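J.: I would like to see how this sequence folds:
(one chain, ligands or ions: 2)
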Amino acid sequence: MVKIFNFDFRCYRRRFLQPLITNHGIWSTREGLIIHLRDSGGNCGWGEIAPISWFGSETLEEAIDFCRQLPGVITREMIFSIPDSLPACQFAFESAWEAMGNLLRYPQSLRYSGLLPAGEGALSKWKTLWEQGYRTFKWKIGVGEFSREWEIFDLLTRKLPPTAKLRLDANGGLSYEEAKLWLGICDHVSKVEFLEQPLPIPELGGMLELSASFQTAIALDESVATFPQLQYCFQQGWRGIFVIKPGIAGYPSRLRQFCQQHHIDAVFSSVFETAIGRQAALQLAAELSPKNRAVGFGVHHFLN
Ligand SMILES: O=C(O)CCC(=O)c1ccccc1C(=O)O
Ligand SMILES: [Mg+2]
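T.: Ligands and ions are numbered 1, 2, ... in the order given. Coordinates of the predicted model:
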């Protein structure tokens, strides 16, 4: 007999206390869906669909349409035949299915990276985060003028204690020349852990070249947002760091298998999901993060 699950969902909307400012623009509200599965024994599993369409996932509307067209009773086959065009849905359904009847285990051993605000706000914020125990920080670049960001970077890296690590995230906002300037500077600053997504997605060739020319590591993020993109970049020869946002990376089981098989140097990263998606994402991060890599799941505050 085929096992069946009752399925329902609801939408949520939460405003960030501080909007995320990146080269893509300003993001101030997280909207997503919480899905719920229940089997005939009364076991429940929750999952979260938290799309970021500007980052390469489906849109919220596409996720809602997908959930609306599903019947109230679904099968395992339906859970595992969601198309690759709906990666946040794939993540939510498999993680809800995996969570059924399991107690929530919250990963203990992880180290977290804290997100600094873009611009000069970073110069004071790092201290608050340091006092909360963060030792790895991420700062957005490619948002303001290069010369001003360079000045702030210089101040910031002087202030940071010697054991701190800094990640720079350009969100694809640099030109090839600017990326060379940044990498040249970073090569002399041992606190820099990596430069994230210096160039836009179509310029993978440029990023492969840069990673061979500088000591500072480069991490791909936008370029590897979804599973097919991750596979593509690996096939093209990328052996640097992969930033993985499980919330939009499709089926957890497929991601797990890929990372283990290819010994991926993964940095796990949040999509600003709620505790439901976060739990499932951190579970994967705990299994698949190399020991020295902090996860990009610093606490992010919501207004409601
Ligand atoms: O990865 C982190 O450290 C924090 C999360 C983060 O930066 C992020 C969160 C949502 C959308 C995009 C990004 C990004 O890495 O650009
Ligand atoms: Mg990034």
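J.: whichever residue of the chain sits closest to ligand 2: neighbour count?
T.: Nearest to ligand 2 in the chain, going by C-beta to the ion, is D221, at a distance of 3.6 Å. No exception for glycine: its C-beta is placed from N, CA and C like everyone else's. Close neighbours of D221, defined as other C-beta atoms under 10 Å, add up to 23.
J.: list the buried residues in stretch 293-304.
T.: Buried residues in stretch 293-304, counted by 16 or more other C-beta atoms under 10 Å: R293, A294, V295, G296, F297, G298, H300.
J.: contacts for that stretch?
T.: Stretch 293-304 is contacted by residues 14-18, 30, 110-115, 129, 134-136, 138, 165, 241, 243, 265-270, 272, 278, 281-282, 285, 289 when judged by C-beta atoms under 8 Å, 6 or more residues apart in numbering.
J.: swap the cut-off to 6 Å and go again
T.: 14-15, 17, 110-115, 136, 267-270, 272, 285 (C-beta atoms under 6 Å, 6 or more residues apart in numbering).
J.: near ligand 1 at all, it?
T.: Yes - residues of stretch 293-304 contacting ligand 1 under C-beta under 6 Å from any ligand atom: G296.
J.: tell me the mean pLDDT for the strand ranked longest in the chain?
T.: Counting residues, the longest strand found in the chain (DSSP state E) is strand 4-22. On average, the pLDDT along strand 4-22 is 94.
J.: cool, stretch 144-152 as well?
T.: Stretch 144-152 comes out at a mean pLDDT of 96.
J.: would you mind measuring from the closest residue to ligand 1 within the chain to V73?
T.: Of all residues in the chain, G296 sits closest to ligand 1, at 2.3 Å by C-beta to the nearest ligand atom. Remark: distance between G296 and V73 (C-beta to C-beta, to the nearest Å) = 37 Å.
J.: do the same with I244
T.: I244 is 33 Å from V73, by C-beta to C-beta.
J.: which of these two has more residues huddled nearby?
T.: More crowded of I244 and V73, by other C-beta under 10 Å: I244, with 29 against 11.
J.: can you tell me the SS state at the nearest residue to that one once chain neighbours are set aside?
T.: Distance criterion C-beta to C-beta, 6 or more residues apart in numbering; nearest residue to I244, sequence neighbours excluded, is A266 at 5.0 Å. For A266, the assignment made with DSSP: H, G, I helix; E, B strand; the rest coil gives strand.
J.: for the longest strand of the chain, buried residues please.
T.: I4, F5, F7, F9, F16, L20, I21, T22.
J.: which of these sit farthest apart?
T.: Maximum pairwise distance among the buried residues of strand 4-22 (C-beta to C-beta): 45.2 Å, between I4 and I21.
J.: looking at the buried residues of stretch 293-304, which are in strands?
T.: Per DSSP E, the buried residues of stretch 293-304 never map to strands.
J.: ok, and which of those residues reach ligand 2?
T.: Among the buried residues of stretch 293-304, none lies close to ligand 2 by the criterion of C-beta under 5 Å from the ion.
J.: is stretch 131-138 anywhere near ligand 2?
T.: No - against ligand 2, stretch 131-138 shows no contacts by C-beta under 5 Å from the ion, the least distance being 7.9 Å.
J.: may I see the buried residues of that stretch?
T.: By neighbour count on 16+ other C-beta under 10 Å, the buried set for stretch 131-138 is Y134, R135, T136, F137, K138.
J.: ok, now stretch 206-220?
T.: For stretch 206-220, by 16+ other C-beta under 10 Å, it's G206, M207, L208, L210, S211, F214, T216, A217, I218, A219, L220.
J.: what is the rounded mean pLDDT of the helix or strand where the first one lies?
T.: Secondary structure from DSSP states H and E places G206 in helix 204-213. Along helix 204-213, the predicted local confidence has a mean pLDDT of 98.
J.: what does whatever helix or strand comes next after that helix rub up against?
T.: Beyond helix 204-213 on the C-terminal side, the first helix or strand identified by DSSP H and E is strand 217-220. Outside strand 217-220, the residues that touch it by C-beta under 6 Å, 6+ apart are F194, L195, E196, M207, S211, C233, G240, I241, F242, V243.
J.: strands paired with strand 217-220, and their directions?
T.: strand 192-196 (parallel), strand 241-244 (parallel) (DSSP bridges).
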